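S.K.: got a structure for you, letters missing:
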């Protein structure tokens, strides 16, 4: 589906909505009111309702008869009123036609539709800035089937995001109103990929002020900027330059490792990928020792890491590891295997775990 563009408050500071439809309505309304007042003043024995009725049938040229016989002054006024109203009608029709031909009416309808779509978005990730880093992040999120809303103050970037298939909000990401319009209160996370470190720092401060607990990942150009971003409230800070340098070095000294990681992390047609699996308190694996579980072996996935509730990381966890509620397992498998694992861990009544039947070892993790 094609992307969506929503214009936010930050767009071209001070730009106003097109007033032509309001001008058309105002001109026609003023014409009717002026006609009613004219008839009411000239034909003194008419009520205001009769005068208004005469003005309406004159403006609309429906062809009904006069409510009462007109005086000579009334006939002269009618001629002048009809001539003036013809000019008003032609001018109003010109304004309305130009408004429609320029696409404003369709744009207004699309904006209303997109505003409703934005109001219904929940659990999405707000990508602030659609440069090279923002585009890459948005693409990875889309591959992981996560809803993405792009926020950028540049019309060209918003159009590019729309072309790439994302909903897009044109406005300054450091503006509180724009972030609220982007559904920050319902979002699952924010990515700060703005052009400058100062903008990303301001974004972090603004996001933390509006929603202190939301995950916020920002880019930084150096160590000092990274420290400032963490102080400003960024959950994670990454430097594209450090990542690129480390990747280049690894490509020279350990190309096979890098090739494996590329396959594991690449989305789309990849044979395997890594995925995090949160262990909720009610999960069927919560509180169990890894060797006591069967869902990983049955689904074909492999547990390659565990992040404990206190943040401690265990790589290649042993079979004796107890899976604490609130921890996160890092598992590896292809799309089908990961899908089966999600189905097994989905909500519902717990079924008894079977005892692993292994000759000379345990089935989990290939041990």
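M.R.: That came in fine, so what should we check first? Just so we're clear, the structure is a prediction, and the values are computed from it rather than from any experiment.
S.K.: mind listing what's buried along whichever strand or helix holds residue 86?
M.R.: For residue 86, the element it lies in under DSSP states H and E is helix 72-101. Neighbour counts over helix 72-101 (16 or more other C-beta atoms under 10 Å) mark 74, 77-78, 81, 85, 88-89, 92, 95-96, 99 as buried. For glycine as for every other residue, the C-beta is placed from the backbone atoms N, C-alpha and C.
S.K.: packing partners for that helix?
M.R.: Packing partners of helix 72-101 (3 or more C-beta pairs under 8 Å, 6 or more residues apart in numbering; DSSP states H and E): helix 20-42, helix 48-60.
S.K.: the last one versus helix 20-42: what angle between them?
M.R.: Taking axes from the mean of the first three to the mean of the last three C-alpha atoms, to 10 degrees, helix 48-60 and helix 20-42 form an angle of 130 degrees between their directions.
S.K.: got a pLDDT number for residue 14?
M.R.: Here the pLDDT value assigned to residue 14 is 36.
S.K.: need the outlier residue of the chain, farthest from its centre.
M.R.: residue 72 (65.1 Å; C-alpha atoms, centre = their mean).
S.K.: distance of that residue from residue 79?
M.R.: 11 Å (C-beta to C-beta, to the nearest Å).
S.K.: so where's the protein shaky on pLDDT?
M.R.: Low-confidence regions of the chain, defined by pLDDT under 70, span residues 1-18, 63-65, 101-111, 263-271, 347-367.
S.K.: find the centremost residue of it, please.
M.R.: Mean-position check on the chain, C-alpha atoms, centre = their mean. Result residue 149 at 2.5 Å.
S.K.: which residues touch that residue?
M.R.: Residues near residue 149 by C-beta atoms under 8 Å, 6 or more residues apart in numbering: 118, 121, 124-127, 166-169, 182-183, 187.
S.K.: could you dump these to a markdown table with distance to residue 55?
M.R.: Shown next, in a markdown table, are these (distance: C-beta to C-beta, whole Å):
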| residue | distance to residue 55 |
| --- | --- |
| 118 | 43 |
| 121 | 48 |
| 124 | 52 |
| 125 | 57 |
| 126 | 52 |
| 127 | 55 |
| 166 | 51 |
| 167 | 47 |
| 168 | 47 |
| 169 | 45 |
| 182 | 47 |
| 183 | 47 |
| 187 | 53 |
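S.K.: from those, list just the buried residues.
M.R.: 118, 121, 124-127, 166-169, 182-183, 187.
S.K.: now tabulate those residues in JSON lines and tack on distance to residue 320 and secondary structure.
M.R.: Output for these, formatted as JSON lines (distance: C-beta to C-beta, whole Å; DSSP: H, G, I helix; E, B strand; the rest coil):
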{"residue": "118", "distance to residue 320": "48", "secondary structure": "helix"}
{"residue": "121", "distance to residue 320": "43", "secondary structure": "coil"}
{"residue": "124", "distance to residue 320": "39", "secondary structure": "coil"}
{"residue": "125", "distance to residue 320": "36", "secondary structure": "strand"}
{"residue": "126", "distance to residue 320": "41", "secondary structure": "strand"}
{"residue": "127", "distance to residue 320": "41", "secondary structure": "strand"}
{"residue": "166", "distance to residue 320": "45", "secondary structure": "coil"}
{"residue": "167", "distance to residue 320": "46", "secondary structure": "strand"}
{"residue": "168", "distance to residue 320": "49", "secondary structure": "strand"}
{"residue": "169", "distance to residue 320": "49", "secondary structure": "strand"}
{"residue": "182", "distance to residue 320": "45", "secondary structure": "coil"}
{"residue": "183", "distance to residue 320": "44", "secondary structure": "coil"}
{"residue": "187", "distance to residue 320": "39", "secondary structure": "coil"}
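S.K.: wait, residue 167 touches residue 150, no?
M.R.: Yes: if you go by C-beta atoms under 8 Å, residue 167 and residue 150 touch, sitting 7.0 Å apart.
S.K.: what residues are shared contacts of those two?
M.R.: Joint contacts of residue 167 and residue 150 (C-beta under 8 Å, 6+ apart) do not exist.
S.K.: that older thread, with respect to residue 273, which of the helices and strands packed on helix 72-101 lies nearest?
M.R.: Residue 273 lies closest to helix 20-42 among the helices and strands packed on helix 72-101, at 50.4 Å (C-beta to C-beta).
S.K.: and stretch 148-157, which residues are buried?
M.R.: 148-153, 157.
S.K.: can you give me the end-to-end distance of that stretch?
M.R.: 15 Å (C-alpha to C-alpha, to the nearest Å).
S.K.: and the strands in the stretch 201-350 of the chain?
M.R.: With DSSP state E, counting those that start in this stretch as the criterion, the stretch 201-350 of the chain has strands at 216-219, 236-238, 273-278, 302-307, 313-315, 328-333.
S.K.: the stretch 101-250 of the chain: helices as residue ranges?
M.R.: Taking DSSP state H, counting those that start in this stretch as the test, the helices found in the stretch 101-250 of the chain are 104-120, 132-143, 155-163, 176-181, 197-210, 223-232, 240-253.
S.K.: and of the ones you listed, who's closest to residue 337?
M.R.: Closest among the helices of the stretch 101-250 of the chain, using C-beta to C-beta: helix 132-143, at 16.9 Å.
S.K.: quick one: residues in contact with the closest one.
M.R.: For helix 132-143, contacts defined as C-beta under 8 Å, 6+ apart pick out 125, 127-128, 130, 148, 150, 152, 160-161, 164-166, 191, 193, 219, 240, 267-268.
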